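Enquirer: need coordinates for the below:
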Amino acid sequence: MKHETVRTSAFAMPLTNPAFPPGPYRFVDREYFIIQYRTDPEALRRIVPEPLVLTEPVVNYEFIRMPDSTGFGDYTESGQVVPVSYQGQAGSFVHQMFLNDHPPIAGGRELWGFPKKLAQPKLAVEIDTLVGTLNYGSVRIATGTMGYKHRALDAAAEAKKLGAPNFLLKVIPHVDGTARICELVRFHCEDITVKGAWTGPAALDLCAHALAPVAELPVLQVLSAKHVVADLTLGLGTVVHDYLSPGVSERRRASNSEILIAG
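Expert: Numbering: from 1, shown residues only. Below is the predicted model of the structure:
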């Protein structure tokens with residue numbers, strides 16, 4: 001394979017058989033179950049990176065069912081999103097996500113910097129209750145419940161919320177283990193059609209786990225919950241902040257080389 005062929009065909013790994021296709025990525029009947037809860041503000045300060053600003057001590061715990069998504073297939077994810085602001089603009093910081101499908105794990109991490117790990121989330125209706133669960137291996141670490149469609153919400157208002165900016169911390173290591181890319185990325189959901197939105201009484205239980213630490217943002221009080229069904233396109237991102245100033249990576253690699261030589 002010629003040098004120019006490698007350069008022009010490179011999109012994702014593996015080079016000759018990427019784990020996911022190029023976008024855009026359209027989601028049909030994407031189903032959200034989001035429980036907003038009050039948590040420890042000190043715990044939030046430890047995980048929200050500058051220059052993002054923490055706006056209030058709350059977390060949105062999400063269960064998301066995606067039965068029809070371009071290139072990624074049929075999967076479910078679950079995790080925590082924190083309301084923040086960036087340069088005065090309100091948005092959300094995606095703290096951690098767990099899902100059960102390899103292509104969106106690979107694509108999410110490589111393209112945008114989504115903090116995705118493999119686990120077993122589920123979202124389903126059980127008689128009169130919307131139930132979201134998350135298992136990491138055999139261990140249950142999250143359970144959310146809400147009364148099914150107790151009261152309708154305004155679809156236009158929910159569409160506007162889904163279109164707000166989202167922020168990610170994208171980290172890609174160099175071959176020597178130092179950070180080659182360390183960026184704050186912003187993305188939006190686009191072409192949003194909300195097909196229905198509802199609320200009801202809700203509860204959330206988080207359990208401690210060494211490798212899936214959702215309980216490190218403890219549930220102090222459940223504030224609200226909603227169930228939203230929408231079609232949307234996941235827009236590609238833009239870099240809004242680079243944590244590595246020019247020359248930082250090169251200096252780190254040079255320093256590591258000197259240490260290895262000295263050793």
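
Enquirer: so where do the helices sit in the stretch 51-200 of the chain?
Expert: Counting by DSSP state H, counting those that start in this stretch, one finds helices in the stretch 51-200 of the chain at the ranges 102-107, 155-162.

Enquirer: just send those back as TSV, with mean neighbour count too.
Expert: For every residue, glycine as well, the C-beta is placed using N, CA and C. Listed next are the helices of the stretch 51-200 of the chain as TSV, based on neighbours: other C-beta atoms under 10 Å:
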stretch	mean neighbour count
helix 102-107	20
helix 155-162	15
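
Enquirer: looking at those helices, which is nearest to residue 238?
Expert: Nearest to residue 238, of all the helices of the stretch 51-200 of the chain, is helix 102-107, at 17.1 Å by C-beta to C-beta.

Enquirer: what's next to the closest one, contact-wise?
Expert: Residues outside helix 102-107 that contact it (C-beta atoms under 8 Å, 6 or more residues apart in numbering) are 12-13, 19-20, 25, 69, 71-73, 75, 77, 99, 116-118.

Enquirer: list buried residues within those.
Expert: Neighbour counting over the contacts of helix 102-107 (16 or more other C-beta atoms under 10 Å) leaves 12, 19-20, 25, 69, 71-72, 75, 77, 99, 116 as the buried ones.

Enquirer: quick check, nearest of those to residue 190?
Expert: So of these, ranked by how close each gets to residue 190 (C-beta to C-beta), first place is residue 25, at 10.3 Å.

Enquirer: distance of the closest one from residue 73?
Expert: Distance, residue 25 to residue 73, using C-beta to C-beta, to the nearest Å: 11 Å.

Enquirer: ok, now how distant is residue 150 from residue 24?
Expert: With C-beta to C-beta as the criterion, residue 150 and residue 24 are 35 Å apart.

Enquirer: same question, residue 32
Expert: Taking C-beta to C-beta, one finds residue 32 at 20 Å from residue 24.

Enquirer: neighbour count winner among those two?
Expert: Neighbour tally, residue 32 and residue 24, criterion other C-beta atoms under 10 Å: the higher count belongs to residue 32, 21 against 12.

Enquirer: what angle separates the helix or strand that one falls within from helix 155-162?
Expert: Secondary structure from DSSP states H and E places residue 32 in strand 25-38. Interaxial angle of strand 25-38 relative to helix 155-162 (axes from the mean of the first three to the mean of the last three C-alpha atoms, to 10 degrees): 90 degrees.

Enquirer: so after strand 25-38, what's the next helix or strand?
Expert: Heading C-terminal from strand 25-38, the first helix or strand you meet, by DSSP H and E, is helix 41-45.
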